[in-house]
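Undergrad: okay, here's the prediction I keep looking at, along with the sequence it came from:
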Amino acid sequence: MAALVLGIDGGGTGCRAAAAAADGPVLGIGEAGPANILTDPARAARHIEEAARAALVNAGLDPDAVTTIPAFLGLAGNNEPNAAETAARLLPFPRMDIRSDGLIALEGAFSGKDGAIASLGTGTVYLLRHEGEVHQFGGFGFFLGDGGSGARIGQDALRQVLLAHDGIRQASALTAELFRSFGEDPGAMLAFARNATPGDFARFAPQVFAAAGAGDAVAAEIVSDAAEEVNAVLDRMLALSGPTPLCLAGGLKTLYPPYLAERHRARLVEPDGDALAGAIRLARSTFLATEARS
């Protein structure tokens, strides 16, 4: 069998894997559930392996070959020092390199060239490659970071529901709709929140954006506050590198542009490829180049 590699894009909402040879097209792609290695490392590892096996099946290969193929993984939750080490012990790959999901998004978007990326999904992380050096901003996870993320937007929306229920703020169509989805029971909302993952909160984010677009005042305030956090990070990157081309990635990438400052909208470009393409590029350069030298 020709030398193969696996590229893994593991986010807080879902995981994708691709199997590829040294050159030529990707052979197979597989998908599975959330893969945030900080939130739930055992579940993340299970979904990563499921996606990798599905990619091999899609390529017409034996899924058990997952134990013989090296993998480059860009994973949400990689910011905590022990997260990658914990995940590695649970994964079947003979060799692996675990980095952030933002890094593979940057690699996919610019194919190794200079540029900036804002990965706006369940969580948020920003990367800038300037004069060949990579700088990361954010990526600190749900407990201390993820400003502007789907998880934060969803969480904020539920907070606004309870404020409206208590008469502290004016209710809106959004708060009423969300309250009905919990049977208009604050206890049900608290029970949900107690066990919710960032991905669970993030599922409300598209609903909030849709309501903001329809003129809902509460939703518009939530999205405006989130965009302010995103713009602040983009301003920091802009100060370091000047008007570098900017790509958006993640599940909210198509929803955010109208809310970004014009100085950032003006430098938006289409990416060369997505995060999974970046994972494959990095897998090839990491593992196949090593094999060629040995």
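TA: Good, I have the coordinates.
Undergrad: just how off-centre is stretch 192-203 within its chain?
TA: On the basis of Cα atoms, centre = their mean, to the nearest Å, stretch 192-203 sits 15 Å off its chain's mean C-alpha point.
Undergrad: swap in stretch 279-292?
TA: Relative to its chain's centre, stretch 279-292 lies at 22 Å (Cα atoms, centre = their mean).
Undergrad: stretch 98-107 too?
TA: 9 Å.
Undergrad: for it, which outside residues touch it?
TA: For stretch 98-107, contacts defined as Cβ atoms under 8 Å, 6 or more residues apart in numbering pick out 7, 9-11, 37, 72-76, 78-79, 84, 87-88, 115, 117, 119, 125-127, 129, 134, 136, 139, 247, 249-250, 274-279, 281-282. (Each C-beta comes from the backbone N, C-alpha and C, glycine too.)
Undergrad: ok, stretch 226-236 next?
TA: Stretch 226-236 has contacts (Cβ under 8 Å, 6+ apart) with 116, 118, 120, 124, 126, 137-138, 147-149, 152-153, 156, 246, 256, 259-261, 264.
Undergrad: hmm, try it at 7 Å
TA: 118, 120, 126, 137-138, 147-148, 152-153, 256, 259-261, 264 (Cβ atoms under 7 Å, 6 or more residues apart in numbering).
Undergrad: returning to what we had before: which of the contacts of stretch 98-107 fall within strands?
TA: Among the contacts of stretch 98-107, the members falling in strands (DSSP state E) are 7, 9-10, 72-75, 115, 117, 119, 125-127, 129, 134, 136, 247, 249.
Undergrad: my guess is residue 219 contacts residue 174, does it?
TA: Yes: counting by Cβ atoms under 7 Å, residue 219 touches residue 174, with 4.6 Å between them.
Undergrad: what is in contact with the two at once?
TA: The overlap between the contact sets of residue 219 and residue 174 (Cβ under 7 Å, 6+ apart) consists of 208, 211.
Undergrad: picking that back up, out of the ones in strands among the contacts of stretch 98-107, which are buried?
TA: By neighbour count, with 16 or more other Cβ atoms under 10 Å, the ones in strands among the contacts of stretch 98-107 hold 7, 9-10, 72-75, 115, 117, 119, 125-127, 129, 247, 249 as buried.
Undergrad: ok, so of those, who is nearest residue 46?
TA: Using Cβ to Cβ, residue 10 comes nearest to residue 46 of those, at 11.4 Å.
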